[in-house]
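1. how does the following fold in three dimensions:
(one chain, ligands or ions: 1)
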Amino acid sequence: MNFDLTDEQKRWRDLAYDYAQGEIRPRAAQLDREQKFPYDIVAEMARLGLMGLTLPREYGGSGGDFVAYNLALEEISRADTSVGITMEAHISLGCAPLATYGTREQKERFLSRCATGGRLWAFGLTEEEAGTDAGGTRTTAELVDGEWNINGTKKWITNSGTDITAGVTAIARTGERENGGPELSALIIPQETPGYTRGPGYEKTGWRASDQRPLYFENCRVPEENLLGERGRGFAQFLQTLDAGRVAVASLSVGLAQACLDEALRRAGERRQFGRAISEFQAIQFKLADMAMEVELARNTVLKAAWLKDRGRPFGREASMAKVFASESAKRAADQAVQIHGGEGFMETSAVARYWRQVKINEIGEGTSEINRQIIARSLLQEGPETVKTKMAAQ
Ligand SMILES: Cc1cc2nc3c(=O)[nH]c(=O)nc-3n(C[C@H](O)[C@H](O)[C@H](O)COP(=O)(O)OP(=O)(O)OC[C@H]3O[C@@H](n4cnc5c(N)ncnc54)[C@H](O)[C@@H]3O)c2cc1C
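-> Numbers count the residues shown, from 1 in each chain. Below is the predicted model:
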């Protein structure tokens, strides 16, 4: 088994580390406090190639592999998860479906505007009645005279309302299946389309310097050729999109867990009680050891899922495992980091208080822990005990 990274993967990780520690981390507290979208940071990340890391070179992307992207995303998120989610939602949710399912013409028209990250693209699935149950989608798209007429509302859509957003891919109900279920399809909707508007950003507990909005479609018309992929394949497309997105949110979680460990190690060495550094107490040492073990295990789980995807092998179960384990490890790490800081960790002036607020969303976004556990269990039960055993051993 070879755990070595390629030179290219190391280059992306180190580039992200240097930029994130030098330019993002020192500003993370202020960005969070002011809840302002960091346009200059996103522009510089686009210039460095980070905002288009996995996207095809022929459309302006950086052409990196999925492992490299996850390594870079971990480093960006270690400095600030608001910037991390901006990068993740743009690449994994916004642009990856355009790159995977788009026709050449769609890629030339839409992906080429965004693949550098100079402009952003969003992905709109969630609605009031359609959270975990995406089949509850109420937004409709009716084909009238060669155009899709779209009506409905989306909520919490990341990167949808920045000054540099170029559009959204929205999931809409385009008909009914024979079994009475909804026929869902994906539609490309440029930002300036008449009938498409966005509401104000939300007051959030974390990811406060990232952009999420409600979207409103009122007789919003786009040409028939703005259908992304096949009609009625929207459900399958977003399931695949979310598989990759889950690995990326897991990387974001590993980055945050690592940041908690960084701060906890610093504080444990500096803080003195009973005449010695608190790092000399075994109770504190065990907390640090537990945090480090979980960070290491979570990172390995994420990288295995990313490695499987890079090889074109199934990775859905591993993606869900990585998402659950990394997000829950990050939550435990944030909790212990605050504990090691004592009362200081409860002050908004300390980084770990911010991490503690921010960490919760990782267990919710792009599939909750409950739904990911269901995915893992369903795949185990489908395969049965013998297959699972051989597969785990052989993979
Ligand atoms: C900051 C932020 C950014 C987001 N960005 C985007 C985005 O860019 N694009 C987008 O489309 N969406 C986005 N979302 C939406 C996000 O993906 C959803 O919040 C998430 O999928 C969960 O849906 P929900 O919040 O409606 O929870 P609900 O579906 O209401 O779930 C509530 C609880 O019930 C549980 N539950 C639900 N069904 C089951 C079941 N069958 N079995 C067991 N438990 C169940 C859940 O696990 C959860 O604990 C974002 C959300 C947030 C908060």
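2. wait, what's in contact with E318?
-> V247, T301, K304, A305, L308 (Cβ atoms under 8 Å, 6 or more residues apart in numbering). The way it works is simple: take the backbone N, C-alpha and C, and place the C-beta from them, glycine included.
3. JSON lines for the residues you listed, including neighbour count and distance to R113?
-> Listed next are the contacts of E318 as JSON lines, based on neighbours: other Cβ atoms under 10 Å; distance: Cβ to Cβ, whole Å:
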{"residue": "V247", "neighbour count": "32", "distance to R113": "26"}
{"residue": "T301", "neighbour count": "22", "distance to R113": "35"}
{"residue": "K304", "neighbour count": "17", "distance to R113": "34"}
{"residue": "A305", "neighbour count": "30", "distance to R113": "30"}
{"residue": "L308", "neighbour count": "19", "distance to R113": "31"}
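4. can you pick out the most distant pair from those?
-> T301 and L308 (11.1 Å; Cβ to Cβ).
5. output the strand or helix carrying M45 as CSV - backbone C-alpha positions only.
-> Assigned by DSSP states H and E, M45 belongs to helix 39-48. C-alpha atoms of helix 39-48 as CSV (Å, rounded to 0.1, in the frame of the first residue of the first chain):
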residue,chain,number,x,y,z
TYR,A,39,-14.1,38.9,-2.9
ASP,A,40,-10.4,39.6,-2.8
ILE,A,41,-9.5,36.2,-1.3
VAL,A,42,-11.7,34.4,-3.8
ALA,A,43,-10.1,36.4,-6.7
GLU,A,44,-6.6,35.5,-5.5
MET,A,45,-7.6,31.8,-5.1
ALA,A,46,-8.9,31.9,-8.6
ARG,A,47,-5.6,33.4,-9.8
LEU,A,48,-3.7,30.6,-8.0
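6. identify the residues contacting it?
-> 15, 19, 23-24, 27, 51-52, 76, 83, 86-87, 116-118, 120, 162-164.
7. do the same with stretch 355-374
-> 32, 81-82, 85, 93, 132, 205-207, 242, 245-246, 249, 252-253, 256, 259-260, 263, 320-321, 323-324, 326-328, 330-331, 333-335, 337-338, 345, 375.
8. give the buried residues for the longest helix along the chain.
-> Using DSSP state H, we find that the single longest helix of the chain is helix 234-270. Neighbour counts over helix 234-270 (16 or more other Cβ atoms under 10 Å) mark 234-235, 237-238, 240-265, 267-268 as buried.
9. the nearest residue in space to E348 that is not next to it in sequence: helix or strand, and which one exactly?
-> In space, and not counting its chain neighbours, E348 is closest to R354: 7.4 Å by Cβ to Cβ, 6 or more residues apart in numbering. Using DSSP H and E, R354 sits in helix 351-358.
10. between that helix and helix 234-270, how many degrees?
-> 160 degrees (axes from the mean of the first three to the mean of the last three Cα atoms, to 10 degrees).
11. follow-up on the earlier one: what's the ChimeraX line that selects buried ones from the contacts of stretch 355-374?
-> Buried residues among these (16+ other Cβ under 10 Å), as a ChimeraX selection:
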select :32,81,82,85,93,206,207,242,245,246,249,252,253,256,259,260,263,320,321,323,324,326,327,328,330,331,333,334,335,337,338,345,375
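12. which ones, among the contacts of stretch 355-374, also lie beside the ligand?
-> Among the contacts of stretch 355-374, the residues lying close to the ligand (Cβ under 6 Å from any ligand atom) are L93, T132, W207.
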